[in-house]
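>>> no sequence on hand, only this structure:
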Ligand code: UD1
Ligand code: CA
C-alpha cells in the first residue's frame, strides 16, 4: 500500500506569545534546527510517496525550511487542524493508500516510532491508528475516550473536557495513520461546534468509530518522545531532551563529553572517537570533528571541519577548516572562510578572517589577520595587524615561509612579504619585501643622556 505523509505546520502558535506576525512556531529552532525540520528528517527514511507540509501562519518563514523536502500546501486561514488537512484534498482525495498525519511541533518523535505506528496499523488491519501516551499529567492534550469494551470512540480536546474526561490519562500524541480514502470522506462531515470554534482533526476519530471502521492505538511508553511544543517552556524541555539524546549518541560512539548538560551539539554534527568535549561548548551547523581532539571549555564551532589531535580552548570559529595537531586559543576567533593547516599555534585574541594559515605558523597573541595567505612556519609577533581594508576594497597580504614578523607591525595590503624575511618590530610595511630581506620601517630612536629628570620637571 502506498504511504503518504502530511505535516501540520500552519497553526498560529499563539502560546509562544511572540509579538511578531511573521514568524511561525514551527520555525523556532532547537539546537539550530527548526522545529518542523526535526519532523521532516524523522519522516524521510520512511520514503513516503508524497511528503506534504501544510503551512500558513508565518508561512514566509516556514516555506524555505520545508520546501526542499516537501510539497507545500498553504492554509490561508487557520481554522483548525481538520481544516488544514482539507487543503490537501486536491492532491490526495480519493487516492488509495495510507496517510500519516503528524504535527509540526513534536520534534522528539523518532523514525522508529513513525515506522512502528505504520506497522501496527498494517498488522492490525486498522482503518485508523492513533499514536498515544499514558501521562500522569495529561492536561493540555486530547483524551482518548473508550467504550466499556475498550474500543476507541472519540477524542475529546482539552478545551471540551468535562470532569470525567479530565481524569483520562491516555492522550493523543497528535500522530495518526489513516486509510486515506476514508480520511478525506470523513473530513466532509466535521464542523466547528466545539469550544475552540475550529475544525478539529480529532473529530474524524468519532466518525470512523461510528461508521464501524477499525480504530486502534499505538502506545508510546516514553512520554518524552511524544511531547508537543506549544510554548517556550516546552521548547526548552524539548531542547533539553534532544540535547541529551544527541550527546548520549556521541558518548556511546566513543566521544567524552564532560558535563553533558552544558554542552550543545546540533543534529548535523559528527565527532570522532577519543575526542573530549569540555563543558560549555556549542557545536552547531554542519560540523565535522575528527579524533583525539580536546574542544573547550566554552568553545563555539559552527560549520567547521576539524581534523585530529587539535586543542581548541575557549574559542569561537565559524566556517573554518582546521587540520590536525593545532593548538588554538584561548580566546581565538575565526570569522570564516579560513583554512588552518597543521601544527599551528594560534593564541589569545588572535582574530582571523578569510585567510589561509599554513602548517607550523605561530601567532600567539593579539593579532588581526584578514585576507592573508601565510606560508609555512611564519612567525607572527604579538600585535601584528594586516591592514586589509582601504576604505573601499579588501586587499591581500602574502607572507612567505619562515617569515618573522616583529611585534606590533602593520602590513598595509596589498603587500607581499617574501620567505625567510624579517620585519622589524613596530614597522609599518607599505612596500613588498623580497625573499631573504629584512625591513625596518620605523623612526630611529633618539636617546638624550641623563635628560629624564629635566624633562619630567617641566
Ligand atoms: C493537538 C491535538 C490534541 C493532541 C496534541 C498533541 C487537535 C485538534 N488536537 O492539540 O488532541 O493531544 O495535538 O500534541 O489536533 N495546525 C494547522 N492549522 C490550524 C491549526 C493547527 O496546521 O489551523 C497545526 C499546528 O501547526 C500544529 C498542529 O496542527 O502543528 C496541532 O495544533 P496545536 O494547536 O498545536 O494543537 P494542540 O492543542 O497541541
Ligand atoms: Ca501542539
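Received, thanks. Every value quoted in this text rests on a predicted model; they were computed, and no experiment measured them. Ligands and ions are numbered 1, 2, ... in the order given.

>>> which other helices and strands contact the worst-scoring helix or strand of the chain on mean pLDDT?
Ranking every helix and strand in the chain by mean pLDDT, DSSP states H and E puts helix 223-226 at the bottom, with a mean of 86. Packing contacts for helix 223-226, counted by 3 or more C-beta pairs under 8 Å, 6 or more residues apart in numbering; DSSP states H and E, involve strand 128-134, strand 170-179. The way it works is simple: take the backbone N, C-alpha and C, and place the C-beta from them, glycine included.

>>> how about whatever residue of the chain ends up closest to ligand 1, nearest residue that isn't a chain neighbour?
Using C-beta to the nearest ligand atom, the single residue of the chain nearest to ligand 1 is residue 142, 2.2 Å away. Sequence neighbours aside, residue 172 is the residue nearest to residue 142 in space, at 4.0 Å (criterion: C-beta to C-beta, 6 or more residues apart in numbering).

>>> below-threshold pLDDT in this structure: ranges please.
Across the chain, nothing is flagged by pLDDT under 70.

>>> and the residue of it closest to ligand 2?
Among the residues of the chain, residue 228 lies closest to ligand 2, at 3.5 Å counting by C-beta to the ion.

>>> so who does that residue touch?
Listed by C-beta atoms under 8 Å, 6 or more residues apart in numbering, the contact partners of residue 228 are 103, 105, 106, 141, 173, 174, 234.

>>> filter those by proximity to ligand 2?
Near ligand 2, judged by C-beta under 5 Å from the ion, the entries from the contacts of residue 228 are residue 105.

>>> looking at the contacts of residue 228, which are in strands?
103, 173, 174 (DSSP state E).

>>> which of those residues sits closest to residue 155?
Taking C-beta to C-beta as the measure, residue 155 lies nearest residue 174 of those, at 10.1 Å.

>>> how about residue 260: what's its closest non-neighbour residue?
residue 247 (4.5 Å).

>>> tell me the contacts of that neighbour?
257, 260, 263, 265.

>>> buried ones in the helix or strand containing it?
Element membership for residue 247 (DSSP states H and E) is helix 232-252. Neighbour counts over helix 232-252 (16 or more other C-beta atoms under 10 Å) mark 234, 235, 238, 239, 241, 242, 243, 246, 247, 250 as buried.

>>> which elements pack onto the helix or strand just after that helix?
Toward the C-terminus, helix 232-252 is succeeded by strand 256-257 as the next helix or strand (DSSP H and E). Here strand 256-257 touches helix 232-252, strand 276-277, going by 3+ C-beta pairs under 8 Å, 6+ apart.

>>> would CSV of these with distance to residue 341 be doable?
As requested, these are arranged in CSV below (distance: least, C-beta to C-beta, whole Å):
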stretch, distance to residue 341
helix 232-252, 26
strand 276-277, 22
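
>>> follow-up on the earlier one: touching, the residue of the chain closest to ligand 1 and residue 202? I think so.
Yes: counting by C-beta atoms under 8 Å, residue 142 touches residue 202, with 5.2 Å between them.

>>> mind checking which helix or strand residue 54 is in?
Applying DSSP H and E, one finds residue 54 within strand 50-55.
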